[in-house]
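1. this one's structure only:
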């Protein structure tokens with residue numbers, strides 16, 4: 001898959017994920033839950049250091065509790081079913 005095609009999918013997938021979080025009131029995961037998810041992502045073959053490269057995801061992930069971090073949103077799920 002070309003980098004440009006992945007980038008477009010990444011942006012569309014991320015926008016959908018974040019808009020669903022806003023719709024549900026933006027419930028936040030606890031720092032312990034973020035750390036648990038972060039450890040799983042770091043060991044995953046689909047993680048490139050800052051972005052999940054799963055075909056239905058493309059979200060930014062980190063161990064910080066900030067708005068543009070999929071791990072910090074309580075209702076989010078791993079597209080590969082790992083958390």
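-> Thanks, I have the structure now. Just so it is clear, the structure is predicted and the values come from calculations on it, not from any experiment.
2. Report the helix or strand with the lowest average pLDDT across this protein.
-> Lowest mean confidence among the helices and strands of the chain (mean pLDDT, DSSP states H and E): helix 3-23, at a mean of 56.
3. Quick one: name whatever helix or strand follows that helix.
-> The element immediately downstream of helix 3-23 (helix or strand, assigned by DSSP states H and E) is helix 31-43.
4. ok, and what's touching that following helix?
-> If you take C-beta atoms under 8 Å, 6 or more residues apart in numbering as the criterion, helix 31-43 is touched by 29, 47, 52, 61-65, 69, 71-72, 74, 78, 82-83. Bear in mind the C-beta positions are built from the backbone N, C-alpha and C, glycine included.
5. got a list of what the closest residue to residue 50 other than its chain neighbours touches?
-> Excluding the flanking residues, the one nearest residue 50 by C-beta to C-beta, 6 or more residues apart in numbering is residue 60, at 6.2 Å. Residues in contact with residue 60 (C-beta under 8 Å, 6+ apart) are 14, 50-51, 68-70.
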